[in-house]
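Q: test case, fold it:
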Amino acid sequence: MSRGLLRAIVLVAVAAAAWFAWYVATTTGRAVFPTEFHVEPGSSLKETAQRLEAAGIIEHSVAFILLGRVTGKSGRIQAGTYLFSGPMTPMGLLRKLTEGETLLGKITFIEGWTFRQMRAALDSHSRLRHDTTGMSDAELMVALGLGDLHPEGQFFPDTYYFDTGSPDLELLKWAHSHLRKVLDSAWQSRAQGLPYKSPYEALIMASIIERETGAADERALIASVFVNRLKLGMRLQTDPTVIYGLGDRFDGDLRKDHLLQDTPYNTYTRAGLPPTPIAMPGEASLRAALNPEASRALYFVAKGNGRHQFSTSLEEHNRAVARYQRGGR
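A: Predicted structure coming up:
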């Protein structure tokens, strides 16, 4: 090989290296930003690069593929939806795709929500994949591997983050697993002598406590009232269970005739706990149900300011009702 030819080859190689270095450091695409880009599971670097070029996010797919191979990252592309807020260099783009900096969705399940409210939030969330749409509650529980378990109260109220496009069924699995961990932990640290035969009964009680008060410092005392009643064989006589049992028949105004309508959830007409939870309890209510305050209280009445007046006798309770709900003094 002549010196001239060798020199030409070297010059071409240097020029190619210089162009590649320039490409890696400075080249950006011509897409309109911000833009979202979704990588399907199992996508190769070649497939991803070609789609990036077609979307105008990069200029040269071949050079991007070469960059992935040179850096040893060609097999590390992670699936998910990515948000590109502005033009990126190929190196920066490759780092984002291989480190999985996906666009996260967020959903919050509120303490005290029913399963119906939870499903409505799931169904309306634009960043989830809606695999459960059209399923009945029973079909959904089977799909989760939970058999014929009633769905109410089986999912922990919290804020959950997920990759855009994640299936809603997967998110429900996380929420159920979270509930089981919190419930099991609370059950292990429960007080002695409680009238519960199982963690599920404690979950039912926690859901009632959650619906009865929003005042955090009252939860353990509310729990004490219900535990004391169960121990004495008294009916719980709690309005939220009646409302839950009425379902769509409840119009927002709880009347005396509602208290007389017998349903499995009417704790005025039936003794003991209702058959299932009536809402999603948070950790504070679970802890209260399993560690109630030591008291002799058997009654409570709303004071109209978000708090309650507690009583140990019916006579005392009647006076509190007259004062706080009937305008008496």
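Q: now do the strands in the stretch 151-300 of the chain.
A: Residue ranges of the strands in the stretch 151-300 of the chain, as given by DSSP state E, counting those that start in this stretch, are 159-163, 299-302.
Q: deepest-packed of these, please.
A: For those, ranked by mean neighbour count under the definition mean count of other C-beta atoms under 10 Å, the leader is strand 299-302 at a mean of 19. Bear in mind the C-beta positions are built from the backbone N, C-alpha and C, glycine included.
Q: helices or strands next to that strand in the packing?
A: For strand 299-302, the helices and strands in contact under the criterion 3 or more C-beta pairs under 8 Å, 6 or more residues apart in numbering; DSSP states H and E are helix 219-232, strand 308-311, helix 314-324.
Q: still on that earlier bit, need the strands of the stretch 151-300 of the chain in CSV with distance to Gly75, can you?
A: Below are the strands of the stretch 151-300 of the chain laid out as CSV (distance: least, C-beta to C-beta, whole Å):
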stretch, distance to Gly75
strand 159-163, 20
strand 299-302, 62
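Q: where does this structure have low pLDDT?
A: Judged against pLDDT under 70, the low-scoring parts of the chain cover residues 1-29, 326-329.
Q: recalculate using a threshold of 80.
A: Scanning the chain with the threshold set as pLDDT under 80 gives 1-32, 214, 325-329.
Q: give me the domain ranges for it.
A: When the chain is parsed with automatic domain parsing, its domains come out as 3-98, 104-183, 189-324.
Q: first-to-last residue distance for the longest one?
A: Distances were taken as C-alpha to C-alpha, to the nearest Å; on that basis the terminal residues of domain 189-324 are 36 Å apart.
Q: with the second one instead?
A: By C-alpha to C-alpha, the extent of domain 104-183 from end to end equals 28 Å.
Q: could you dump the helices and strands packed on strand 299-302 to a markdown table with mean neighbour count?
A: Below are those laid out as a markdown table (neighbours: other C-beta atoms under 10 Å):
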| stretch | mean neighbour count |
| --- | --- |
| helix 219-232 | 21 |
| strand 308-311 | 20 |
| helix 314-324 | 15 |
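Q: nearest to Ala288, of the ones you listed?
A: Closest to Ala288 of the helices and strands packed on strand 299-302 is helix 219-232 (C-beta to C-beta; 3.8 Å).
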